[in-house]
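A.B. asks: With the sequence up front, the predicted model follows.
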Protein chains: 4
Amino acid sequence: MALRKTLRSDLAWATPERIFIKGFDLCEDLLGKLSLGDMAFLEMMDRRPTAAESNVFNAMALTLVEHGLTPSAIATRMTLAGAPEAMQAAVAAGLCGLGSVFVGSMEAAARVLQHALPPPQAIHDIDNCAREIVKAHITAKMPIPGIGHHFHKPADPRAGKLFEIARDNGLSGYYVALMQRIAKEAERQLGKSLPINATGAIGALASELGMPWTIVRGVGVIARAIGLVGHVREELKDPLAREIKTWAEEEATSHRH
Amino acid sequence: MALRKTLRSDLAWATPERIFIKGFDLCEDLLGKLSLGDMAFLEMMDRRPTAAESNVFNAMALTLVEHGLTPSAIATRMTLAGAPEAMQAAVAAGLCGLGSVFVGSMEAAARVLQHALPPPQAIHDIDNCAREIVKAHITAKMPIPGIGHHFHKPADPRAGKLFEIARDNGLSGYYVALMQRIAKEAERQLGKSLPINATGAIGALASELGMPWTIVRGVGVIARAIGLVGHVREELKDPLAREIKTWAEEEATSHRH
Amino acid sequence: MALRKTLRSDLAWATPERIFIKGFDLCEDLLGKLSLGDMAFLEMMDRRPTAAESNVFNAMALTLVEHGLTPSAIATRMTLAGAPEAMQAAVAAGLCGLGSVFVGSMEAAARVLQHALPPPQAIHDIDNCAREIVKAHITAKMPIPGIGHHFHKPADPRAGKLFEIARDNGLSGYYVALMQRIAKEAERQLGKSLPINATGAIGALASELGMPWTIVRGVGVIARAIGLVGHVREELKDPLAREIKTWAEEEATSHRH
Amino acid sequence: MALRKTLRSDLAWATPERIFIKGFDLCEDLLGKLSLGDMAFLEMMDRRPTAAESNVFNAMALTLVEHGLTPSAIATRMTLAGAPEAMQAAVAAGLCGLGSVFVGSMEAAARVLQHALPPPQAIHDIDNCAREIVKAHITAKMPIPGIGHHFHKPADPRAGKLFEIARDNGLSGYYVALMQRIAKEAERQLGKSLPINATGAIGALASELGMPWTIVRGVGVIARAIGLVGHVREELKDPLAREIKTWAEEEATSHRH
């Protein structure tokens, strides 16, 4: 069969003696020289990060690693209870839920920001831009991504810290500014406290790093994979899944007995 | 309903103002201070790594991130072709295949080593130990995990580099020694070249770090989640999945037409 | 902790002697009396099908079981190659790709139909309705779900057969009529042949059965789970995955060597 | 690149006008003529079932469809809570847990039976065979698959019903006999009540149908995919996931506040 299109992948190739990843010699250039977080940056951005980018990227990703007994973590633990021999499938089950509701919000925040300020960033009327974004969302009855939190009030401590790290590393630019104006404008137009949350800050920082919004969710996927392995480990040591299941089953069917 | 067992998870908890992960204050102690790789160590080992442990752990994990168009990567790309709106499920699909054949071998290597030298490691007759392990596997007609490679000949360059990093960081102990003797002994008993491969080195290094073999596979799961996000990114930019599918479909059913 | 909401599930409950599923006694009412397809109807619709509904539902679902070496099937086979001990994860990997591109189109068709004719169906001006739907999609530059096929030309044989089965069972009503007018109207407005495809027919038939469009994708998920087990079986007997992988890997990286 | 092996799949192929599945014309031979359950048999066994085989296979599979709020069902619901737009991934997450603990036991029962009585079945000393199997498991301190149930006491009502259906359809042969002797022998050697459970009966019936033990788990995967779609539907209508998650989270971290 003739190929209609030449297949081409530039992630890795090898000879018997050497292994190349994105053009770097794995053993000479990367092992012992690049941290795992910086490797994730290389995979997502096609280049090694600068020291400043590394600081920001590692902080962003670290924020998403561990959120305790989330629905994802429970899915992982439930899966492990049934298939303890397949830890990888338990982590996979947990990742499946990183959709529009939880991790998707940082993708949405990045999309809003990047649509408003397509790279390369030029000087814009940020205030007007924020006003229009907020108005458009309110008119369409859509939630504004990246602001407000049901538990972390009056402010999400992670957002402030992430913005501080970005600023300290010279990576707080137009996207951070726009995200901050959006929150202010939303508070003004809606008349209630709506501070930037962790996913809003991450959407802004990912945009500062030049990460296309279409792959921003990947930061969450990577981070949670790490966290879900932590849940596998705790579940192996001190299992919760069966107790949760038994409680839920009894609660939910007690009206039948 | 009365709980039969108290549920208890110690990974994360929060107040509105602060978030704790394994006892550390996320914003004060971790963000901007811990790299993503060291966070993975914290999730898996319940403590932050020393500088030496960090070097070894990051190198181990980095080795597993990107192996090109593996079956896992193809599964991820195929899944993305059908559900581009659910990148997390594409990565999950790729992780599902990290079982006994590919990533499982490093778990097997760690299990063999840790069964032979249960921690705390004492002085053992390493030579005899290696001889027994090899003999037992040959007798049972089981492959010896962690040695030999179909492509990287005469030696897997990653194994040598990982052992060098371990030695340079003072983390080359009994497990590394035993793994090396196993390879030598296997070559002697089987009469062919069987150098230690990457998974053998990783199984040994994980054991040096004190990581129970039951969670060693988790290092591979974390690393590949990173790599699979890289494949998502490349597939979005320059898709291969449909072409591979069309080719495979035509090849496999041509005898029918 | 006080529950904020009473948990309530009515799918199954049991005593030591008896098992109830949706109110039916499993051993007395279902085993040996209900076919697997009709059980799927019961799970999705909360009641047993009539004979006519059973005929239509089983035909709809059967249409989706086996489409050969689809991206989903390849994902399943790739996963099995890595984790042959976890067949369930291989099927899961294949299911992950049943998103907007492949199986999602029948959900989209059902949504369009049910939005246009919300149940209970009343007499409508079907012609006008079809005209508006087509015009709206063309204006928005969105594809009209359920029509056209790249390979089955000039007509998708499955659509005709499914409509025939619906008619023979007295279940060809307004939704089928609307789907057919949409195809005709699209051909008129776009000036090319756009016959109804299998997913269009299934979207229409699901609507005739009273199935909310929000769960229509579930028919595809069920059907493909069956088909993917077929692929697991064939892959175990006569494996393809490694050969496909080797070919793809060499094709995609040959420009590097 | 030259293929080292000819790819060959015989599940489906098509011309523009016709679609073939395992040699049958989809529209002429299958649609409207084969039920979904019988299609599953065709996918797993490469032939259409006889009427008797259909009765037994459908009953076996139906038994596994719905078990209420199992760990799998909870994983599916948790996943849906995070990614309601990806129902297929929610079902996939639930399937990932069908491993050695829950659905795997019917695979184990079938394996034990088929190892003891490899097809074609000849006349054997069934009593002796059962005695040896039980003794070997007790010696190895392994549980005997397919017997005993923590809740359905003194007998699992499904096992009796399934055996009755097999007998009524002339499909109760050596494997059923052996499974029954194993249970009796286990009760004798262990001195406690150990009736055959549903998975033991299914393992025996699958063996009677000539299904290799290596694919028996597939029956559970198919059946649970159906059941999990039922849970998706109920969760969409009357969600439980967040409430379960909130309860679990508070219970598990209350010692920290």
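C.D. replies: Sure, I can see it.
A.B. asks: Any idea how far the helix or strand hosting A:N128 is from the middle of the chain?
C.D. replies: Following DSSP states H and E, one finds A:N128 within helix A:126-139. How far helix A:126-139 lies from its chain's middle: 24 Å, per CA atoms, centre = their mean, to the nearest Å.
A.B. asks: what sits up against that helix?
C.D. replies: A:112, A:116-117, A:143-144, A:174, A:177-178, A:181-182, A:184-186, A:189-190 (CB atoms under 8 Å, 6 or more residues apart in numbering or on different chains). Glycine gets a C-beta too; all of them are placed from N, C-alpha and C.
A.B. asks: Please list only the buried members of the residues you listed.
C.D. replies: Buried by 16 or more other CB atoms under 10 Å in any protein chain shown: A:V112, A:A116, A:L117, A:I144, A:Y174, A:A177, A:L178, A:R181, A:I182, A:K184, A:E185, A:A186, out of those.
A.B. asks: Lowest-confidence one in those?
C.D. replies: Scanning those for pLDDT, the low point is A:L117. It has 89.
A.B. asks: how far away is the residue lying closest to that residue once chain neighbours are set aside from chain C?
C.D. replies: Residue nearest to A:L117 in three dimensions, not counting chain neighbours: A:Y174, with 5.6 Å by CB to CB, 6 or more residues apart in numbering or on different chains. As judged by CB to the nearest CB, to the nearest Å, A:Y174 and chain C stand 30 Å apart.
A.B. asks: isn't A:Y174 right up against A:P118?
C.D. replies: No: counting by CB atoms under 8 Å, A:Y174 sits too far from A:P118 to count as a contact (11.0 Å).
A.B. asks: Mind telling me what element the spatially most central residue of chain A is part of?
C.D. replies: The centre of chain A sits closest to A:G220, judged by CA atoms, centre = their mean, with a distance of 2.8 Å. Assessed by DSSP H and E, A:G220 sits inside helix A:213-237.
A.B. asks: what's the angle from that helix to helix B:213-237?
C.D. replies: Here helix A:213-237 runs at an angle of 170 degrees relative to helix B:213-237 (axes from the mean of the first three to the mean of the last three CA atoms, to 10 degrees).
A.B. asks: quick one, the following helix or strand past helix A:213-237 and helix D:241-253 angle?
C.D. replies: Elements were assigned by DSSP H and E; along the chain past helix A:213-237, the next helix or strand is helix A:241-253. Here helix A:241-253 points in a direction 130 degrees away from that of helix D:241-253 (the same axes, to 10 degrees).
A.B. asks: Now tell me what touches helix A:241-253 from outside.
C.D. replies: Identification of contacts with helix A:241-253 by CB under 8 Å, 6+ apart yields A:74, A:77-78, A:80-81, A:235, B:1, B:3-5, B:7, C:3, C:6-9, C:12-13, D:68-71, D:74, D:240, D:244, D:247-248.
A.B. asks: where are the low-confidence patches of the stretch 51-200 of chain A?
C.D. replies: Residue ranges of the stretch 51-200 of chain A with pLDDT under 70: A:119-124.
A.B. asks: Get me the contact residues on it for chain D.
C.D. replies: Counting by CB under 8 Å from any CB of the partner chain, the stretch 51-200 of chain A comes close to chain D at A:68-72, A:74-75, A:78-86, A:89-90, A:92-94, A:96-104.
A.B. asks: Keep only those of those that are in helices.
C.D. replies: Among these, the ones falling in helices (DSSP state H) are A:71-72, A:74-75, A:78-82, A:89-90, A:92-94, A:104.
A.B. asks: How about the residues of the stretch 51-200 of chain A by chain C?
C.D. replies: A:A83, A:E85, A:A86, A:Q88, A:A89, A:A92, A:A93, A:C96.
A.B. asks: what subset of those is also close to chain B?
C.D. replies: A:A86, A:Q88, A:A89, A:A92, A:A93, A:C96.
A.B. asks: top of the residues you listed by neighbour count?
C.D. replies: A:A93 (39 neighbours; other CB atoms under 10 Å in any protein chain shown).
A.B. asks: for that one, what are its contacts?
C.D. replies: Remark: with contacts taken as CB under 8 Å, 6+ apart, A:A93 is in contact with A:75-76, A:78-79, B:92, C:92, D:75, D:79, D:92-94, D:96-97.
A.B. asks: repeat that with 6 Å
C.D. replies: If you count contacts by CB atoms under 6 Å, 6 or more residues apart in numbering or on different chains, A:A93 has them with A:A75, A:T76, A:T79, D:A75, D:A93, D:C96.
A.B. asks: Nearest to A:L228 among those residues?
C.D. replies: A:T76 (4.8 Å; CB to CB).
A.B. asks: Excluding chain neighbours, what is closest to that closest one?
C.D. replies: Excluding its sequence neighbours, the residue lying closest to A:T76 (CB to CB, 6+ apart) is A:G94, at 3.5 Å.
A.B. asks: burial measure for that neighbour, as a count.
C.D. replies: A:G94 has 36 neighbouring residues, counting by other CB under 10 Å.
A.B. asks: who's in contact with it?
C.D. replies: Taking CB under 6 Å, 6+ apart, we find A:G94 in contact with A:S72, A:A75, A:T76, A:L228.
A.B. asks: Would you confirm that the third one contacts A:A90?
C.D. replies: Same thing as A:T76. Yes: in this structure, A:T76 is within contact of A:A90 by CB atoms under 6 Å, at 4.8 Å.
A.B. asks: Can you name the next helix or strand after the helix holding A:N128?
C.D. replies: According to DSSP H and E, the helix or strand after helix A:126-139 is helix A:157-168.
A.B. asks: Please spell out which residues along that next one are buried.
C.D. replies: Under 16+ other CB under 10 Å, the buried positions of helix A:157-168 are A:P157, A:R158, A:A159, A:K161, A:L162, A:F163, A:I165, A:A166.
A.B. asks: Tell me the one among the residues you listed nearest to chain D.
C.D. replies: A:P157 (16.9 Å; CB to the nearest CB).
A.B. asks: which residues touch the closest one?
C.D. replies: Contacts of A:P157 were listed using CB under 6 Å, 6+ apart, and they are B:C27.
A.B. asks: And it, how far from chain C?
C.D. replies: Per CB to the nearest CB, A:P157 is found 25 Å from chain C.
A.B. asks: No further questions, thank you.
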